[in-house]
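Enquirer: Sharing a model prediction with you, sequence too.
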Amino acid sequence: MNIEDILLPPREIKTEKWQLGNLISGEIKENGIVLIFCSDYRGLENGSAEILDFRKVRKELYQLSQLDFDLPLCDIGDLISGKSHQDTHYILQEVLSMCHYKNAIPVIVGGSSDLAFSLFSALNFHQKNINYTEISNIISLNNETNEISEKNFLSKILGSKTFTLKNYHHLGYQKHLNALDSVKLMKEVEFEVMRLAEMMNATERAEPYLRRADLVTLNCDAVESLGDGFSVNPQVNGLNKREICAYMKEIGLGENLKSVGIFNFNANSEDLLNHQLLAQMIWYLIEGINIQKSHPKERSYETFWVLIEEDQYAFKRDTFSDLWYFGEGEEIEKLLPCAKWEFEDAKRGYLNPRLLK
């Protein structure tokens, strides 16, 4: 498959030397970040695959500061939609594999949220036991049709016999938009779910679910809408513009991040602020990845023992990052990411039940 046949290169955008666009190339490089824009929204009810213009987003992104970023950054262009929605999934998986072979992190911008299935499938080909975190206002477990859509892609991921899922976390769901059975089922199978209310104002409670994620996807419907709609399904409630940028940085700071999807963005919005917000979200993601790559590989940890009744529990603090972990042992990879507030609660005699699962 020739890359020229499936991708339209972005049009040139003039930038100054200090701006991010001056760093962006059109070539996938080892250990870099690859931006891929997608126009296929056929996973939505009445969605289409008409070619969308992402130039406003690109212009806003390219003209932001490059700071001290030293990771190779590539904008590979716009993915040409297939004749069918299934074809787009296949083509996208091929492009994603090209990125994974070079240990680059693909960032898919646009398209309907069911494209998360392709991100998972492509990553599953290259590694096993995937940690997947989704930020979405909806938990949809519909599985009535074979055609992949935003209503059933999660069921297809969770129910696949060929996928190897280690953990799934769902962040930002809104109670008034979800069937009670979907939320109950998630909790019964011990997948962590977090409400929007728990994510507002600070990232501390949700950060442990992003720290070791291999794949993170964001449904823009989980973001509070501006003007004529930030997402294709605009919502009055959601993460605000500052909160979502903070979370994008946390996603980038993830220790194992290999793939990111930003779906359901309203590319046809006439409000420049929506394009500006998406550009800044991508910028904060890049900043987080850049910071994570600069972290030292060797770490030291402080251990704190907490006695609750007759049992004792170990918490560890990374002295460099100030991040916390729960559990005994020297292999930090086998310990559970947690937050300082969970340690403080334990000192008061309450141990978060999730830590004992």
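Expert: It's in.
Enquirer: use CA for all of it now, contacts and neighbours both
Expert: Will do.
Enquirer: which stretches of the stretch 101-250 of the chain have low pLDDT?
Expert: Of all residues in the stretch 101-250 of the chain, none has pLDDT under 70.
Enquirer: Helices of that one, start to end?
Expert: Secondary structure of the stretch 101-250 of the chain, counting by DSSP state H, counting those that start in this stretch: helices at 116-126, 153-159, 180-188, 196-199, 207-211, 241-252.
Enquirer: Could you check how far the third one is from the centre of its chain?
Expert: Between the mean C-alpha point of helix 180-188 and the mean C-alpha point of its chain there is a distance of 22 Å (C-alpha atoms, centre = their mean, to the nearest Å).
Enquirer: for stretch 243-260, how far is the first residue from the last?
Expert: 18 Å (C-alpha to C-alpha, to the nearest Å).
Enquirer: Apologies, that question was intended for stretch 74-91.
Expert: Stretch 74-91: ends 19 Å apart by C-alpha to C-alpha.
Enquirer: cool, and stretch 24-44?
Expert: Rule used - C-alpha to C-alpha; the end-to-end distance of stretch 24-44 is 31 Å.
Enquirer: what comes up buried for that stretch?
Expert: 24, 28-29, 31-44 (16 or more other C-alpha atoms under 10 Å).
Enquirer: Give me the subset of the residues you listed lying in strands.
Expert: Mapping the buried residues of stretch 24-44 onto strands (DSSP state E) picks out 24, 33-38.
Enquirer: Let me have the residues you listed in TSV, adding pLDDT as columns.
Expert: Converted to TSV, those look like this (pLDDT from 0 to 100):
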residue	pLDDT
I24	97
I33	98
V34	98
L35	98
I36	98
F37	98
C38	98
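Enquirer: any chance of those in CSV, plus distance to F125?
Expert: Formatted as CSV, those follow (distance: C-alpha to C-alpha, whole Å):
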residue, distance to F125
I24, 28
I33, 19
V34, 19
L35, 20
I36, 19
F37, 22
C38, 21
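Enquirer: between the residues you listed, which is closest to E344?
Expert: I33 (37.0 Å; C-alpha to C-alpha).
Enquirer: residues in contact with I251?
Expert: 210-211, 216, 257, 285, 288 (C-alpha atoms under 8 Å, 6 or more residues apart in numbering).
Enquirer: Tabulate the residues you listed (a markdown table), appending distance to W18 and neighbour count.
Expert: Below are the contacts of I251 laid out as a markdown table (distance: C-alpha to C-alpha, whole Å; neighbours: other C-alpha atoms under 10 Å):
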| residue | distance to W18 | neighbour count |
| --- | --- | --- |
| L210 | 30 | 27 |
| R211 | 30 | 21 |
| V216 | 29 | 26 |
| L257 | 27 | 22 |
| L285 | 19 | 22 |
| G288 | 19 | 20 |
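Enquirer: Check those against R299 and report the nearest one.
Expert: Among the contacts of I251, and counting by C-alpha to C-alpha, the member closest to R299 is R211, at 15.6 Å.
Enquirer: how about that closest one, what does it touch?
Expert: R211 makes contacts with 250-251, 253-256, 337, as judged by C-alpha under 8 Å, 6+ apart.
Enquirer: now, which of the residues you listed lie within strands?
Expert: Going by DSSP E, the strands hold P337 from the contacts of R211.
Enquirer: Correct me if wrong, but I76 is in a helix.
Expert: No: applying DSSP: H, G, I helix; E, B strand; the rest coil, one finds I76 to be strand, outside a helix.
Enquirer: Find the nearest non-adjacent residue to it, please.
Expert: G26 (5.1 Å; C-alpha to C-alpha, 6 or more residues apart in numbering).
Enquirer: what's the answer for K56, then?
Expert: H275 (6.1 Å).
Enquirer: I'd guessed the one you found sits against K59; true?
Expert: No: with contacts counted by C-alpha atoms under 8 Å, H275 stays clear of K59, the gap being 9.1 Å.
Enquirer: Can you check the pLDDT for the residue nearest to K56?
Expert: H275 carries a pLDDT value of 98.
Enquirer: And it, its phi and psi?
Expert: phi -70, psi -40 (degrees, to the nearest 10).
Enquirer: got the contact list for it?
Expert: So H275 contacts 56-57, 60, 267, 269 (C-alpha under 8 Å, 6+ apart).
Enquirer: who wins for neighbours among those?
Expert: Among these, A267 has the most neighbours (other C-alpha atoms under 10 Å), with 23 neighbours.
Enquirer: re the thing from before, turn the contacts of I251 into CSV, including distance to Y325.
Expert: Listed next are these as CSV, based on distance: C-alpha to C-alpha, whole Å:
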residue, distance to Y325
L210, 13
R211, 11
V216, 21
L257, 18
L285, 23
G288, 20
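Enquirer: Which element, helix or strand, includes the closest residue to R42 other than its chain neighbours?
Expert: Excluding the flanking residues, the one nearest R42 by C-alpha to C-alpha, 6+ apart is S48, at 4.9 Å. Using DSSP states H and E, S48 falls within no helix or strand.
Enquirer: Report pLDDT for S48.
Expert: 93.
Enquirer: Enumerate every residue touching it.
Expert: 40-42.
Enquirer: now swap in M199 and tell me
Expert: Going by C-alpha under 8 Å, 6+ apart, M199 touches 172, 205-206, 239.
Enquirer: from those, which two are the most distant?
Expert: R205 and L239 (14.1 Å).
Enquirer: Surely N264 touches V232?
Expert: Yes: contact criterion C-alpha under 8 Å: N264 and V232 qualify, at 5.6 Å.
Enquirer: out of these two, which sits in the more crowded spot?
Expert: N264 (28 against 22).
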